[in-house]
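Chemist: below: sequence and its predicted model.
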Amino acid sequence: MKPSKKPKKDEESIKIVLIGLDNSGKTSILNCLKSIKRISAFSNPMPTKGADVQEFEALNSKYAIWDLGGQQAYRDEYFIDFKKYMNETNKIIYVIDIQDIKRYETALLYLKRVMFSIEKQNKIDFSVFLHKFDPDLVFNHDLNEKRINELIKKIKEIFPPKSAYSIYKTTIYAIFEKNPIR
Ligand SMILES: Nc1nc2c(ncn2[C@@H]2O[C@H](COP(=O)(O)OP(=O)(O)OP(=O)(O)O)[C@@H](O)[C@H]2O)c(=O)[nH]1
Ligand SMILES: [Mg+2]
């Protein structure tokens, strides 16, 4: 049998898909999850080319993390056969760069497209990370609580009623922490 291009999901492994715009911080989060200790704080990962699948074990569980590079060309490509990427997914993490205010609308459109393209929307475990919520983040005229609350409102409008999803504030600058909003 011809080997498939992408590693097949191990029966017992937990599949997590990291998705979001380019530069939102997905690979950095993956590095933190893999305990590559804060490497992302010292180096800039290269933009991910297409889907990068990393497998590792932690706390007696096997994980397969699918890091879907967010550059425009890759984003379009995923939707040609979205199932291929989302098959047997246990969890989707959608990452938004909270500091990239100019691209909030683009990030929301992409989130919408992802939601419309997944099957069993109500059943999938979905998290949205409001990422780069650094401990020293300074609010200003453009980036402030009101702006963020508007963004959260728009995110909530994208999810169908009764769907189970969570929104967190995250950063790699605090030995990976996530604070629930909802
Ligand atoms: N301030 C801040 N910067 C971060 C954080 N996480 C990642 N970054 C930076 O954001 C930039 C992009 O990070 P990546 O992890 O490469 O982003 P990505 O989402 O994987 O990008 P693509 O692979 O192009 O889709 C890098 O310079 C990281 O160091 C964070 O929590 N706070
Ligand atoms: Mg990446």
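Modeler: Noted; the coordinates are in hand. Residues are numbered from 1 along each chain as shown. Ligands and ions are numbered 1, 2, ... in the order given.
Chemist: checking Phe126 next. Helix, strand or coil?
Modeler: Three-state call for Phe126 (DSSP: H, G, I helix; E, B strand; the rest coil): strand.
Chemist: ok, the closest residue to it other than its chain neighbours - contacts?
Modeler: Of all residues not flanking Phe126 in the chain, Tyr165 sits nearest, at 4.1 Å (CB to CB, 6 or more residues apart in numbering). The C-beta positions use only the backbone N, C-alpha and C, and glycine is treated the same way. Taking CB atoms under 8 Å, 6 or more residues apart in numbering, we find Tyr165 in contact with 126-128, 159, 182.
Chemist: show me where this protein has its strands.
Modeler: Listed in chain order, the strands of the chain (DSSP state E) span 14-20, 51-58, 61-68, 91-97, 125-131, 165-171, 177-180.
Chemist: among those strands, which is nearest Lys84?
Modeler: Of all the strands of the chain, strand 51-58 sits nearest to Lys84, with 8.9 Å by CB to CB.
Chemist: the closest one vs strand 61-68, what angle?
Modeler: 160 degrees (axes from the mean of the first three to the mean of the last three CA atoms, to 10 degrees).
Chemist: pull out the buried positions in strand 51-58.
Modeler: The neighbour-count check on strand 51-58 (16 or more other CB atoms under 10 Å) flags 51-54 as buried.
Chemist: with stretch 79-88 instead?
Modeler: Neighbour counts over stretch 79-88 (16+ other CB under 10 Å) mark 82, 85-86 as buried.
Chemist: looking at this protein, which helix or strand does the model trust least?
Modeler: Within the chain, confidence by mean pLDDT, DSSP states H and E is lowest for helix 39-42 among all helices and strands, at a mean of 57.
Chemist: quick one: residues contacting Ile155.
Modeler: Ile155 touches 96, 108, 111, 128, 167, counting by CB under 8 Å, 6+ apart.
Chemist: which one, of the strands of the chain, ends up nearest to ligand 1?
Modeler: Taking CB to the nearest ligand atom, strand 165-171 is the member of the strands of the chain nearest to ligand 1, at 3.9 Å.
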